[in-house]
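[1] Have a look; sequence and predicted model below, questions after that.
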Amino acid sequence: MYFLKKLKWLMLSCILTSMSTQVSAHVLKNTTAQVILRDGQVEVKVLTNAEHLISALQSEQAWLMGDIDKLMPTNLSAEQQEEFVKNALKQKTSLRVNQQVIVFERVAFTTSNNEAHDLEIVFQAKHTFTTVDDLAISFPKSLGAVHASFVKPQYKLLGAGDTEKIKF
């Protein structure tokens, strides 16, 4: 009887342990992007999985389907690989502000400690509009589905002890 009770607890703990590892394995793996619209500037922060992105850029099927313009060679150094990815993403990421095409001036890479997203790509562009009525962005198919958020910060100077009310 005592043995059966112990066996039940052992089996229950094994089941719970296996379920907890499965739950942690279901981290959102889709690419995420945050588009930040500031006065005279647009910044796009993309978090993605580097291995998946490189695999997509080296896919002959993606090239044949027109999803990528050029196949990334497999024998590139780390610097050449980064430059290839930057150019491919910059070329295929489209940004429009007030229905005018805006060109990204800078693309930078950093590594991320996030489990699902180990690569952060930051695009920066400038615009000359005093007010922005609309913004349109599209990402390359090589990034897969992108969960995007759009932010337009409001800046205020608060004096010591002051309260500011913000309307969204």
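    Here it is on my side, so go on.
[2] Would you map the helices across the protein?
    Counting by DSSP state H, the segments of the chain that form helices are 2-24, 50-57, 60-64, 78-92.
[3] Quickly, which of those helices bottoms out on average pLDDT?
    Mean pLDDT per stretch puts helix 2-24 lowest among those, at a mean of 48.
[4] Beta-bridge partners for residue 125, please?
    Counting by DSSP bridges, residue 125 forms beta bridges with residue 42.
[5] For residue 129, which residues are in contact?
    97-98 (CB atoms under 8 Å, 6 or more residues apart in numbering). C-beta coordinates here come from the backbone N, C-alpha and C atoms, glycine included.
[6] Please repeat the previous calculation with a cut-off of 6 Å.
    residue 98 (CB atoms under 6 Å, 6 or more residues apart in numbering).
[7] The one 3 residues further on too?
    Shown here is residue 132, whose contacts under the criterion CB under 6 Å, 6+ apart are 37, 97.
[8] Next, give phi and psi for it.
    phi -110, psi 120 (degrees, to the nearest 10).
[9] Just the pLDDT for it.
    91.
[10] Test my guess that residue 62 contacts residue 68.
    Yes. Using CB atoms under 6 Å, residue 62 makes contact with residue 68 at a distance of 4.9 Å.
[11] Mind checking which of the two has more residues around it?
    Neighbours were counted for residue 62 and for residue 68 using other CB atoms under 10 Å; residue 68 has more, 22 against 17.
[12] how far away is residue 95 from residue 44?
    Distance check for residue 95 against residue 44: by CB to CB, to the nearest Å, it reads 7 Å.
[13] again with residue 72
    21 Å.
[14] mind checking pLDDT for residue 26?
    44.
[15] and residue 152, what is it in contact with?
    If a contact means CB under 6 Å, 6+ apart, then residue 152 has residue 37 as its contacts.
[16] ok, so what distance separates it from residue 81?
    34 Å.
[17] Would you agree residue 46 is in contact with residue 34?
    No. In this structure, residue 46 is not within contact of residue 34 by CB under 6 Å, at 8.2 Å.
[18] These two: which is more packed in?
    Neighbours were counted for residue 46 and for residue 34 using other CB under 10 Å; residue 46 has more, 23 against 15.
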